[in-house]
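**Student:** turn this into a structure:
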Amino acid sequence: MEKAELKQTLKKQIIEFLNLTSLKPDDIKDDEPLFGEGLGLDSIDSLELIVLLNREYGILIKDPKEGRKVLVDVNTMVDYIEQNRTK
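**Tutor:** From the prediction side, this is the model:
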């Protein structure tokens, strides 16, 4: 899967998994922070994103420090998925 295609797919999955029905994939910028002032996600959302990575890409994140490095923005997540996916 091409990087651009993976970004679009991931944005759709984020919207679906987090039930962000008011957003469209184009509303999420690739470099927009997912937490805080960016998309405004919280710690519960981070758990959902970790489940998403495990379920959709076979990536298991156990270390919270690793999770903080991965769940920065769409670009960071896509890079991590490309390097670590098993599905």
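
**Student:** tell me the helices and strands packed up against the helix or strand of the chain with the lowest mean pLDDT.
**Tutor:** Lowest mean confidence among the helices and strands of the chain (mean pLDDT, DSSP states H and E): helix 64-70, at a mean of 90. Using 3 or more Cβ pairs under 8 Å, 6 or more residues apart in numbering; DSSP states H and E as the contact criterion, the elements in contact with helix 64-70 are helix 43-57, helix 74-84. To be clear about C-beta, it is placed using only N, CA and C from the backbone, and glycine gets the same treatment.

**Student:** in that helix, what's buried?
**Tutor:** Neighbour-count burial for helix 64-70, counted by 16 or more other Cβ atoms under 10 Å, picks out Val70.

**Student:** contact partners of it?
**Tutor:** Helix 64-70 is contacted from outside by Ser46, Ile50, Leu53, Ile61, Thr76, Met77, Tyr80, using Cβ atoms under 8 Å, 6 or more residues apart in numbering.

**Student:** ok, stretch 73-87 next?
**Tutor:** Stretch 73-87 is contacted by residues 3, 6-7, 10-11, 14, 28-34, 38, 49, 53, 56-59, 69-71 when judged by Cβ under 8 Å, 6+ apart.
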